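# Generate a structure from the sequence data that follows.
(2 chains)
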2 protein chains.
Amino acid sequence: MADCAFDVVGIGNAIVDVLAHADDAQLRSLGLAKGVMTLVDAQEAERLYGRMGPGMECSGGSAANTIAGVAALGGKTAYMGKVKDDQLGQVFRHDLRSQGVAFDTPAAIDGPSTARCLIFVTPDAQRTMQTYLGACIELGPDDIDADVVGNAQVTYLEGYLWDPPQAKAAFRKAATIAHAAGRKVALSLSDPFCVERHRAEFVELVNDHIDVLFANEAEITSLFESDFDQAMRRLRDHVEVAAVTRGAKGSVVVAGGQVVVQGAESVAGLVDTTGAGDLYAAGFLRGFTQGRDIATCARLGGLCAAEIISHFGARPATDLGQLVAQATFVTV
Amino acid sequence: MADCAFDVVGIGNAIVDVLAHADDAQLRSLGLAKGVMTLVDAQEAERLYGRMGPGMECSGGSAANTIAGVAALGGKTAYMGKVKDDQLGQVFRHDLRSQGVAFDTPAAIDGPSTARCLIFVTPDAQRTMQTYLGACIELGPDDIDADVVGNAQVTYLEGYLWDPPQAKAAFRKAATIAHAAGRKVALSLSDPFCVERHRAEFVELVNDHIDVLFANEAEITSLFESDFDQAMRRLRDHVEVAAVTRGAKGSVVVAGGQVVVQGAESVAGLVDTTGAGDLYAAGFLRGFTQGRDIATCARLGGLCAAEIISHFGARPATDLGQLVAQATFVTV
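Okay, the predicted model is just below:
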């Protein structure tokens, strides 16, 4: 697989994050469900933004964050997602390309504006996300570049693609192309409520179409409507690799007969957990596409997750390559 | 003056900052003059943005940063400046209003987009700014709301207003209204190269029209083409209060016969000096409009400057009011 043009291609909702500090009382007064991602329409997004504190804008989008992370680690990456040709769309494109990511999905010329995610960050570093999908609803199968997907070791897809109307067709097209070319397909389950919205289809995907799964505890127990141990057994039987993050407890990875339990990295100052799962996937996939052992992949995931939660925003703020180079790896 | 509707009204270039990490080699390869603010046209801004790393967008603008700081400290504030009615203009307006600032200058409907400042932050926390003035060139005397200026204890103006074509007329109109109402006029000299571009007019302003001056060492020595001590004597003779910041050395304030030398606050992790002078002015003006002594004003300025340089961006990231409440003030 070393001759692939790309290590990882990501496909996802192309979103600019608007981050602001908030407290629990404000979440309650706005009627927001803490810690999860909620979809909102343009009018509700406008209402919430009007009541949100001063913000900071940062490119986001789950798969895009992962791809930016893989690129920051030195991987060859591409991305497919839909922005509008507006200022925030230009910001989103710039932030991926300037990280070395190939991103050529044409912008929408008319229709809704570039997607925004209003992120309320509470003093406990928890993030509460309200997403207006905007131009993401325009992503469809025609936006999948078969040449890119066929030439990427891993095609990485976010579960959030099940929310806009045509993106799941794009998702299935990409997975089919990838498998036909002998490549791997990876999926992130994204969010427990996203799993709830699309459970039956996600179970079918995991059972039959996914090679590498990323999820957290809440997502897999929701997916299989079971406890953690049962869910891990189901995953072991159906996917090649399942990497399940457990917050401050680190991660558990099952891969065939192998189980790796990886403790979390220590974080000096926990600021904002936005992007923790996305960057875990970035570190893991970087190791995976380099052919490293599963324990090292998990460790790389933990290191990248620890970096992203130490600051505001879900794109790396420090040199991830250097961070990883400085870490000590114990070879078992 | 306690019955004023506003403590401080700020007038300035309404700008959204785009911040990215860079190193000295990148500054050299882009031909940028480190540490200063350079004006660029739309084409050059586009070229530089294309070569800039992944960014983070944050509302900026010198006077707007100061006003946001005064508001965060609990002051009653207003702002006048020109954005376009585009996404970044909406972001800029939101970020001031959500801080409690009255900001009603109508947005430009056509013409150039909302102004952007590309800020390259080097590992030494120094910021190098490339400003595209965009819609700011539309600010003119008609945008000055005489009711607001006449009802503000202090009208605060940034020297950068001398760069766009009609803003200086707006500046002079505001100063005239303020003085006619018995209010104070404050000016920030903004940048040593800005002083160089407009030296003769700035000297005339300082000599005859300004009550409270904010500047740093490089700006006042450039203004008077003299050494620091001579410049301080000139200021003492011409303005009621002159607060001069000296980076890590703190600040010196002359007010009539009084001279206060204030050491800098300690900063745990110096990240980005963008907005240091703006937030010094915020703390100082908050104290000044509360009738506090000059030493306390200088201390408040130092506290706010220390907060802003401990993180990315030039708008407060922590609760300034709480920060100030927790500080110990020694009454002399």
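
# Name the nearest residue to A:C58, ignoring sequence neighbours.
A:G313 (3.8 Å; Cβ to Cβ, 6 or more residues apart in numbering or on different chains). (C-beta placed from N, C-alpha, C; glycine too.)

# Ok, A:Y160 next?
Nearest non-adjacent residue to A:Y160 (Cβ to Cβ, 6+ apart): A:S190, at 4.6 Å.

# again, but for A:H179
Closest to A:H179 by Cβ to Cβ, 6+ apart is A:V185, at 6.5 Å.

# you'd agree that neighbour is in a helix?
No. Counting by DSSP: H, G, I helix; E, B strand; the rest coil, A:V185 falls outside a helix, being strand.

# Okay, and the beta partners of it?
A:T155 (DSSP bridges).

# And it, how close does it get to B:Q26?
37 Å (Cβ to Cβ, to the nearest Å).

# circling back: for the residue nearest to A:C58, the count of nearby residues, please.
24 (other Cβ atoms under 10 Å in any protein chain shown).

# that's a strand at it, yeah?
No. Looking at A:G313 with three-state DSSP, it is coil, so not inside a strand.

# Nearest residue to the residue of the stretch 1-150 of chain A found nearest chain B in space, ignoring adjacent ones along the chain?
Across the stretch 1-150 of chain A, the shortest distance to chain B (Cβ to the nearest Cβ) belongs to A:E57, at 3.8 Å. Among residues not flanking A:E57 along the chain, B:E57 sits closest, at 3.8 Å (Cβ to Cβ, 6+ apart).

# repeat for A:F288
Per Cβ to Cβ, 6+ apart, closest to A:F288 is A:C297, 5.2 Å.

# ok, that neighbour - contacts?
Listed by Cβ atoms under 8 Å, 6 or more residues apart in numbering or on different chains, the contact partners of A:C297 are A:A243, A:V253, A:G283, A:F284, A:L285, A:G287, A:F288.

# hang on, the earlier thing: now the residue of the stretch 1-150 of chain A closest to chain B, what's its secondary structure?
strand.

# Could you list everything it pairs with in the sheet?
With DSSP bridges as the rule, A:E57 is bridged to A:V18, B:E57.

# Test my guess that it contacts A:L88.
Yes. Between A:E57 and A:L88 there is a contact at 7.4 Å, judged by Cβ atoms under 8 Å.

# Which residues are in contact with each of those two?
Joint contacts of A:E57 and A:L88 (Cβ under 8 Å, 6+ apart) are A:V16.

# And the pLDDT for the residue nearest in space to the middle of chain A?
Nearest to the geometric centre of chain A sits A:S62, at 3.1 Å (Cα atoms, centre = their mean). pLDDT for A:S62: 97.

# so how many other residues sit close to the residue nearest to it when sequence neighbours are not counted?
Distances taken as Cβ to Cβ, 6+ apart place A:E158 nearest to A:S62, at 4.4 Å, with adjacent residues excluded. A:E158 is flanked by 30 other residues according to other Cβ under 10 Å.

# mind checking how far A:E158 is from B:P106?
Relative to B:P106, and taking Cβ to Cβ, A:E158 is found at 41 Å.

# before we move on, back to that, which ones among the contacts of A:C297 map onto helices?
When those are checked against helices (DSSP state H), the matches are A:G283, A:F284, A:L285, A:G287, A:F288.

# and the lowest-mean-pLDDT helix or strand in chain A, what does it pack onto?
Ranking every helix and strand in chain A by mean pLDDT, DSSP states H and E puts helix A:320-326 at the bottom, with a mean of 89. The contact analysis (3 or more Cβ pairs under 8 Å, 6 or more residues apart in numbering or on different chains; DSSP states H and E) places helix A:320-326 against helix A:62-72, helix A:276-289, helix A:294-308.
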